[in-house]
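1. Below are the sequence and a predicted model; questions follow.
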Amino acid sequence: MKITQHFVLFRAPNESHFKLWNLGEKEEETYFVFHSFDNKITHRLYKKDEASLSYDELSKVEFDLNLKPIDQSVKEQSHDEYIERCNYFIEALKNDELDKVIFSRIKYADFNEDFGEKLVHLAHKYPKAMVYLANFKGETWLGASPEKLVQIDNNELTTVALASTKAVSDNRDWTEKEYKEHQLVVDYVYSYLKDFNPSKGETKTISLGEIQHLKTKFSAQLKEEHDPERICNLLHPTPAVCGMPKEKAHQFILENEGYDRSFYTGYFGVISKDCTEVYVNLRCAQVFANKLAAYVGGGLLAESDAEKEWQETEWKSKALLS
Ligand SMILES: C=C(O[C@H]1C=CC=C(C(=O)O)[C@@H]1O)C(=O)O
């Protein structure tokens with residue numbers, strides 16, 4: 001089997017198969033969405049046909065994606081540039097301009113692996129992540145997202161607050177700063193869903209490959225008539241990828257981060273009337289000929305340390321690159 005262009009290939013958490021959607025032009029009620037961090041781009045990708053592929057079948061697929069050479073507009077930051085800019089963000093937090101903000105960067109890596117094998121490797125390594133490869137409008141993206149933005153099954157909405165990171169090998173307790181960083185996301189989700197009277201689960205530690213996060217689940221009942229994209233846009237961008245206060249942090253990132261996040265920290269997934277399953281686009285990379293541009297970020301508070309944040313983005317880059 002050969003996969004060429006205009007497709008989305010994805011494995012939802014805990015599934016044993018990948019779904020392959022070949023994309024067409026005809027508008028359908030069910031579609032795959034890719035929405036950018038800056039809210040300027042929403043691609044709605046419609047299915048022409050669908051196939052299910054086992055991991056075994058996928059590892060034998062031949063890919064011919066006609067990948068472009070790396071785009072000079074996708075800029076990698078050096079360690080020193082990162083530290084300087086990160087400190088600028090921390091200053092804004094210290095000056096009380098913001099309570100929390102996410103600072104991110106791009107890291108290039110050589111990539112000559114087989115796509116089928118890479119996806120199967122990610123699927124085994126991250127059973128609870130949404131693993132995908134998508135080729136649309138001349139771009140190719142690869143990812144293994146641990147964070148659901150919105151799931152809606154027959155009007156029942158579930159979502160999570162995910163924030164704070166430490167290495168799996170790190171046995172210490174979560175610090176006050178890490179709980180505070182997580183709590184900001186919890187409070188945010190609660191306040192944005194308050195009209196739906198949400199219930200909140202316990203805060204747990206979850207492991208994803210080499211790293212762990214704090215995670216809290218929420219559920220709520222929606223009205224019969226709801227618009228799934230409107231719910232996604234209500235929550236996007238959460239303080240796990242943007243900051244607090246929301247609008248101010250969004251603007252600050254767009255003006256000061258120094259590069260275009262594009263679909264990183266946007267959202268993606270299936271939108272349909274009966275079952276919507278949308279993820280935050282984290283632990284992802286844009287794919288070029290023989291190269292990946294991996295996107296990695298972390299949450300900053302006034303007490304953050306730029307060097308530690310650099311380290312955190314290094315671990316996070318291993319999510320896709322190792
Ligand atoms: C922005 C990212 O992670 C977010 C999600 C979980 C934990 C995070 C943190 O600890 O900073 C980030 O908020 C990323 O992985 O690029």
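-> Cool, got the structure. Keep in mind that what you see is a predicted model, and the values were worked out from it rather than measured.
2. and the gap between Asn171 and the ligand?
-> Distance of Asn171 to the ligand, given as CB to the nearest ligand atom, to the nearest Å: 18 Å. In this view, the C-beta of every residue, glycine as well, is placed from N, C-alpha and C.
3. Quick check: pLDDT value at that residue.
-> What the model reports as pLDDT for Asn171 is 91.
4. What residues does the stretch 1-150 of the chain have near the ligand?
-> 102, 104 (CB under 6 Å from any ligand atom).
5. redo that, cut-off 8 Å
-> 102, 104, 146-147 (CB under 8 Å from any ligand atom).
6. what ranges of this protein fall below the confidence cut-off?
-> By pLDDT under 70, the chain contains no weakly predicted segment.
7. try 90
-> Residue ranges of the chain with pLDDT under 90: 66, 71-75, 113, 154, 208-210, 223-226, 273-274, 315, 318-322.
8. okay, now Arg85: neighbour count?
-> Number of residues near Arg85 (other CB atoms under 10 Å) recorded here: 18.
9. Check for me that it belongs to a helix.
-> Yes: per DSSP: H, G, I helix; E, B strand; the rest coil, Arg85 lies within a helix segment.
10. how about the closest residue to it other than its chain neighbours, secondary structure?
-> Closest residue in space to Arg85, ignoring its immediate chain neighbours: Gly258 at 6.0 Å, by CB to CB, 6 or more residues apart in numbering. Secondary structure assignment for Gly258 (three-state DSSP): coil.
11. For the ligand, see how far away Gly258 is.
-> Relative to the ligand, Gly258 is positioned 16 Å away (criterion: CB to the nearest ligand atom).
12. Is that residue in contact with Glu76, as I believe?
-> No: counting by CB atoms under 8 Å, Glu76 is not a contact partner of Gly258; they are 11.2 Å apart.
13. Any idea what the residue in the stretch 1-150 of the chain positioned nearest to the ligand is bridged to?
-> Across the stretch 1-150 of the chain, no residue is closer to the ligand than Ile102, which sits at 5.2 Å (CB to the nearest ligand atom). On the basis of DSSP bridges, Ile102 is bridged to Gly299.
14. residue contacts, it?
-> 239-243, 249, 253, 265, 297-300 (CB atoms under 8 Å, 6 or more residues apart in numbering).
15. I'd like to know which of the residues you listed are buried.
-> Applying 16 or more other CB atoms under 10 Å to these, the neighbour count classes 239-243, 249, 253, 265, 297-300 as buried.
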